[in-house]
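> Quick one: sequence and predicted model below, then my questions.
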Amino acid sequence: MRIQDILAVLLIGGFVVAAILAGQRQEDRPSPLVDRVPEWDVPVIPPERIWVDPDTAMEFIWVDGGCFEMGCGPWTSSCYDDEYPVHQVCLDGFWMGRFPVTQGQWLQVAGENPSHFAFGGDYPVESISWHDARGFVQSLNARGGEEVFHLPTEAQWEYACRSGGKPEKYSGGKDVEPFAWHRGNSGFSTQPVGSRRPNGLGIYDMSGNVFEWVRDEYVEDAYQRHGVHNPLMETPLGLTYDRYLPLLEKYVGVTLRRVIRGGSWQHPPVSVRCSHRLGLQAGARRNTVGVRLILELPWQPDFPSPEPAR
């Protein structure tokens, strides 16, 4: 065999091996080295404002209800058409997950870890569809027989991301680096939850690391349709789709888009802004997309509320 033929075979073989490795889960490789700051100044959260699920250890922070201006306002920039118009939204209080759902928590409930970057239990779960996320919620609720766990609405998500509706570009402030894992600092991988600075409510990773599914159906002009109080974008098609999901997906191939928020390790800072929104097919699984839950208990905590956001 000629030397040129040998080199060609080696080169082609190298490409094949590289392609195989690229498609494999990353559990057999260490997480890439990045600049992680081990300690931040964390807001002091009174213990009565934290609820911990006794089975999964998921932490939830109480978010006082209030009104805020949702969308692309003067506090941000580089917005897209679906982030307009800015409009007033008023929300009841709710418990928001302090972190994205982790691989360890997902494994405990679902019995398997679907994540591409399977580096450890404290990394965010990803490679899950919207239907997977809803199934996870249903499994949690089945334990106690009450529907207390939910996907957040898009309005709840943005309100919590902006530290209770404050004029913040990123979740915690105007500078991206302290608060978010993004394309420029992530090492092109997810990172452990809570390893960047929290926002003003003590909530982590709402900018960057992984996108998060929310409850709403994606409609480009949703902000022109929102009601003021606790808005949720759910069209008649969406309600029908959820009811007849197995038949529609099997025989018609219909795939509805749901909203994802927050940006990811793979995306630039413009995509990890609090107001940035995208629609993704509900059945899609991406290693950039995970989930965060809210908790709606039949009672509300009894403690004084702080001053509303200005």
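Structure's in. What do you need?
> give me phi/psi at Glu158?
The phi/psi pair for Glu158 (degrees, to the nearest 10) reads phi -70, psi -40.
> Also the one 3 residues further on?
Per-residue torsions, Cys161: phi -60, psi -40 (degrees, to the nearest 10).
> got the contact list for it?
Glu168, Ser171, Asn199, Ile203, Met206, Ser207, Arg261, Gly262, Cys274 (C-beta atoms under 8 Å, 6 or more residues apart in numbering). Glycine gets a C-beta too; all of them are placed from N, C-alpha and C.
> Next one: the fourth one relative to Leu280, how far apart?
According to C-beta to C-beta, to the nearest Å, Ile203 and Leu280 sit 22 Å apart.
> Same drill for those two, tell me which one is more crowded.
Taking other C-beta atoms under 10 Å, Ile203 and Leu280 do not tie; Ile203 has more neighbours (26 against 20).
> Is that one in contact with Arg98, as I believe?
Yes - between Ile203 and Arg98 there is a contact at 5.6 Å, judged by C-beta atoms under 8 Å.
> Can you tell me the element the residue most central in space within the chain falls in?
Note on the chain: the residue nearest the mean C-alpha position is Glu212, at 1.9 Å, using C-alpha atoms, centre = their mean. Under the criterion of DSSP states H and E, Glu212 resides in strand 211-217.
> for that strand, what is the average pLDDT?
Strand 211-217 carries an average pLDDT of 97.
> how about it: buried residues?
Phe211, Glu212, Trp213, Val214, Arg215, Asp216, Glu217 (16 or more other C-beta atoms under 10 Å).
> Give me the contacts around the next helix or strand after that strand.
Next helix or strand after strand 211-217 toward the C-terminus (DSSP H and E): helix 222-225. Helix 222-225 is contacted by residues Met70, Gly71, Asp82, Glu83, Tyr84, Pro85, Val86, His87, Glu154, Asp216, Val219, Met233 when judged by C-beta under 8 Å, 6+ apart.
> Which residues does stretch 89-96 contact?
51, 60-70, 152, 155-156, 159-160, 201, 203, 226, 228-231, 292, 294-297, 300.
> Just the C-alpha atoms of that stretch, please, in CSV.
Provided in CSV are the C-alpha atoms of stretch 89-96 (Å, rounded to 0.1, in the frame of the first residue of the first chain):
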residue,chain,number,x,y,z
VAL,A,89,-47.9,42.1,34.8
CYS,A,90,-49.1,41.4,38.3
LEU,A,91,-48.3,38.1,40.0
ASP,A,92,-49.4,36.3,43.1
GLY,A,93,-46.6,35.1,45.4
PHE,A,94,-45.0,31.7,44.7
TRP,A,95,-42.1,29.5,45.6
MET,A,96,-39.3,29.4,42.9
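> Now that stretch: buried residues?
For stretch 89-96, burial by neighbour count (16+ other C-beta under 10 Å) applies to Val89, Cys90, Leu91, Phe94, Trp95, Met96.
> Correct me if wrong, but the last one is in a helix.
No - note on Met96: no helix contains this position according to DSSP: H, G, I helix; E, B strand; the rest coil, which reports strand.
> Next, give phi and psi for the nearest residue to it once chain neighbours are set aside.
In this structure, Met96 finds its nearest non-sequential neighbour in Ala160, 4.5 Å apart by C-beta to C-beta, 6 or more residues apart in numbering. Note on Ala160: backbone dihedrals following degrees, to the nearest 10 are phi -70, psi -40.
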